[in-house]
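Enquirer: Got a sequence here, can you model it:
(chains A, B, C and D)
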Number of protein chains: 2
Amino acid sequence: MLKEERLAYILHQVNLHNKVLSSHLSEQIQVSEDTIRRDLAELAQEGKIIKVHGGALSNSFHQGIASQDVYAVEDKKTIALKAVQLIHDGMFVLTTGGTTIAELARVLPRDLQATFITVSLPAAFEYANHPNIEVIVIGDKLSKGSKITVGGEAISKIKMIKADLCFLGNNAIDAEDGLTDNDWDVVQVKRAMISTAKKVVVLSISEKIDTSEQLKICDAEEIDVLITELPPDSKKLQPYKKKGIQIL
Amino acid sequence: MLKEERLAYILHQVNLHNKVLSSHLSEQIQVSEDTIRRDLAELAQEGKIIKVHGGALSNSFHQGIASQDVYAVEDKKTIALKAVQLIHDGMFVLTTGGTTIAELARVLPRDLQATFITVSLPAAFEYANHPNIEVIVIGDKLSKGSKITVGGEAISKIKMIKADLCFLGNNAIDAEDGLTDNDWDVVQVKRAMISTAKKVVVLSISEKIDTSEQLKICDAEEIDVLITELPPDSKKLQPYKKKGIQIL
DNA sequence: TGAATTTCTGCAAAAAAACGCAGAAAACAA
DNA sequence: TTGTTTTCTGCGTTTTTTTGCAGAAATTCA
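Expert: Below you'll find the predicted structure:
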């Protein structure tokens, strides 16, 4: 097994189980514990995990009292890990709010250099924890429930940004009805984001798949990528693939 | 179970129940009481809990040691209660961030109907708790340390607002040197606020009175009201009264 | 005061980490 | 291809960390 393969495997295990034991990994991969330790040290250096005596912990583990309470954290973490692969150095990324987006913020690699633009105050807080990420807050009237800024000012600001990526969380999505939501202001913001981003990525736990809300955001065809916690070849996702959406 | 995991678990338990027993933890985690004691000692060393005979207490709940901070909170509450008298229904209020401003947000009467405009994300969160207050967030690049938005965009937005009141927190103030600060971006924001507000109110604990920082915000004469926790006729405040500043 | 409980102290065993080194593997250049 | 250089990996040794234990000291509570 190649070193890079091994590192990827270890990182995957850490993110999946929140902890790994050096001894356990050594046995699984059939390399010495020294090698495992060196690998863990390397990943810790890059800020991707937290190395501790006896093994390593996921870095969302420590800061995450909040993430423990969130519903379906494991699923959301799986989604976040898939989503993070789409982000590259130098990109401009638009995001909404929501717990899935918060999870995404937590799994961003330490060394990623990118600009994140958001209307969500909680998301902005999460992004601000990362040393190399520039955070732009879109200002306007604050919607008290969702803690996002909404209004014409925000919409026009969003439209002025040519973003590489746009992550939309917390949706109802259906192959026929497209993307829908139940908050008027949120719908406006999401529409603006979709109209200005090169690539539209929807993050959704499988529960929200094949569900609809009252207000339409856009057709399924306008979505470029759909990420769920399910494997891409899952039966439930095939109608979306037929619509030309890339499934991760 | 890894040591770090155990520490996280203990900390979680302490924060959850406000107290833990060594004996109880020992049984729960299945390690010796000695180990638990050493863990508690370590967490106490880092200031995360308060170790007592038989177990440990949460330090947020039982503020035994940080009595200086407690006094400061009391002072800030005193200041906030004076400041709140200046706010009336229908007003547009500009505010910076900081703990004094956070305290102001907490003591706002529930029936007050006003619009608060801020560059501070933590302040926006506080204001959002109030049912009748409209919150406007000024957007721009997020300054990671202070969690306020800074930059030309924010400045020009601020200048477009004709605010009735402007609350500036967390300053150094001196009768001769005027209002000063040590963060370039913060200074720009405060200057913009002063220039656009009808009435400029400085909130400052007495510790900061007669102190100066490197960067000048404005002259003492430009300040309309100064609020401290001291009584208005306090000797320390007389130089400011001479400059034409109203003391509360 | 006195008994029960908890803490402290030093100690020892086990586990893990760090270190240096040598051979193996991979990457690179000619 | 072949030879050189660099990186990677495993092993033995040393050092550090962690943990439990026993007995003395301190604390609590009736």
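Enquirer: Tell me which helix or strand comes right after the worst-scoring helix or strand of chain A on mean pLDDT.
Expert: Taking mean pLDDT, DSSP states H and E as the measure, chain A has helix A:65-69 as its least confident helix or strand, at a mean of 42. Where DSSP states H and E defines the elements, the next helix or strand beyond helix A:65-69 is helix A:73-84.
Enquirer: Could you chop chain A up by domain?
Expert: Split into domains by automatic domain parsing, chain A comes to A:3-62, A:65-247.
Enquirer: who wins for proximity to chain B among the ones you listed?
Expert: Between chain B and these, the tightest spacing by Cβ to the nearest Cβ is seen for domain A:65-247, at 2.6 Å. From N, CA and C alone the C-beta is placed, and that goes for glycine too.
Enquirer: Figure out the helix or strand that A:Gln28 lives in.
Expert: helix A:22-29.
Enquirer: tell me which residues of that helix are tucked away?
Expert: Across helix A:22-29, burial judged by 16 or more other Cβ atoms under 10 Å in any protein chain shown covers A:22, A:24-26, A:29.
Enquirer: close to DNA strand C, is that helix?
Expert: Yes: interface with DNA strand C: helix A:22-29 contributes A:22-23 (Cβ under 7 Å from any atom of the strand).
Enquirer: How about the residues of chain A by DNA strand D?
Expert: A:2-3, A:6, A:30-32, A:34-35, A:38-39, A:53.
Enquirer: ok so, going back, just send the buried residues of helix A:22-29 back as TSV, with pLDDT and distance to A:Ile217 too.
Expert: Below are the buried residues of helix A:22-29 laid out as TSV (pLDDT from 0 to 100; distance: Cβ to Cβ, whole Å):
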residue	pLDDT	distance to A:Ile217
A:Ser22	90	47
A:His24	86	45
A:Leu25	87	43
A:Ser26	89	49
A:Ile29	86	45
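Enquirer: Let me know the closest of these to A:Leu203.
Expert: A:Leu25 (29.5 Å; Cβ to Cβ).
Enquirer: Name the nearest residue to A:Trp208, sequence neighbours excluded.
Expert: For the record, residue A:208 is Lys, not Trp. A:Ala172 (5.6 Å; Cβ to Cβ, 6 or more residues apart in numbering or on different chains).
Enquirer: mind listing what A:Val201 touches?
Expert: A:83, A:86, A:165-168, A:223-227 (Cβ atoms under 8 Å, 6 or more residues apart in numbering or on different chains).
Enquirer: for A:Ile79, same thing?
Expert: Going by Cβ under 8 Å, 6+ apart, the list of residues near A:Ile79 reads A:100, A:103-104, A:203-205, A:227-229.
Enquirer: Show the model's pLDDT score for A:Gly64.
Expert: Reported pLDDT at A:Gly64 in the predicted model: 41.
Enquirer: ugh, typo on my part, it should be A:Tyr240
Expert: 89.
Enquirer: repeat for A:Val70
Expert: 52.
Enquirer: Check A:Ile138 too.
Expert: 93.
Enquirer: Quick check: phi and psi at it.
Expert: phi -90, psi 120 (degrees, to the nearest 10).
Enquirer: again, but for A:Gly244
Expert: According to degrees, to the nearest 10, A:Gly244 has phi 90, psi 10.
Enquirer: May I have the residues that are in contact with the residue nearest to it when sequence neighbours are not counted?
Expert: The shortest distance from A:Gly244 to any non-neighbouring residue, by Cβ to Cβ, 6+ apart, is to A:Glu221 (6.2 Å). Applying Cβ under 8 Å, 6+ apart to A:Glu221 gives the contacts A:178, A:243-245.
Enquirer: Show the pLDDT at the closest residue to A:Asn132 other than its chain neighbours.
Expert: Nearest residue to A:Asn132, sequence neighbours excluded (Cβ to Cβ, 6+ apart): A:Gln113, at 4.6 Å. Note on A:Gln113: pLDDT of 85.
Enquirer: Just confirm A:Gln113 contacts A:Ile87, I think it does.
Expert: No: A:Gln113 lies out of contact with A:Ile87 (Cβ atoms under 8 Å); the separation is 10.2 Å.
Enquirer: So between the two, which is more surrounded?
Expert: Taking neighbours as other Cβ atoms under 10 Å in any protein chain shown, A:Gln113 and A:Ile87 compare with A:Ile87 leading, 20 against 14.
Enquirer: you'd agree that one is in a strand?
Expert: No: applying DSSP: H, G, I helix; E, B strand; the rest coil, one finds A:Ile87 to be coil, outside a strand.
Enquirer: Need phi/psi at the residue nearest to A:Gly244.
Expert: Torsion angles, degrees, to the nearest 10, at A:Glu221: phi -60, psi -20.
Enquirer: where's it relative to A:Lys242, distance?
Expert: As judged by Cβ to Cβ, to the nearest Å, A:Glu221 and A:Lys242 stand 11 Å apart.
Enquirer: hmm, back to that, show me which of the buried residues of helix A:22-29 neighbour chain B.
Expert: Near chain B, judged by Cβ under 8 Å from any Cβ of the partner chain, there are no entries from those.
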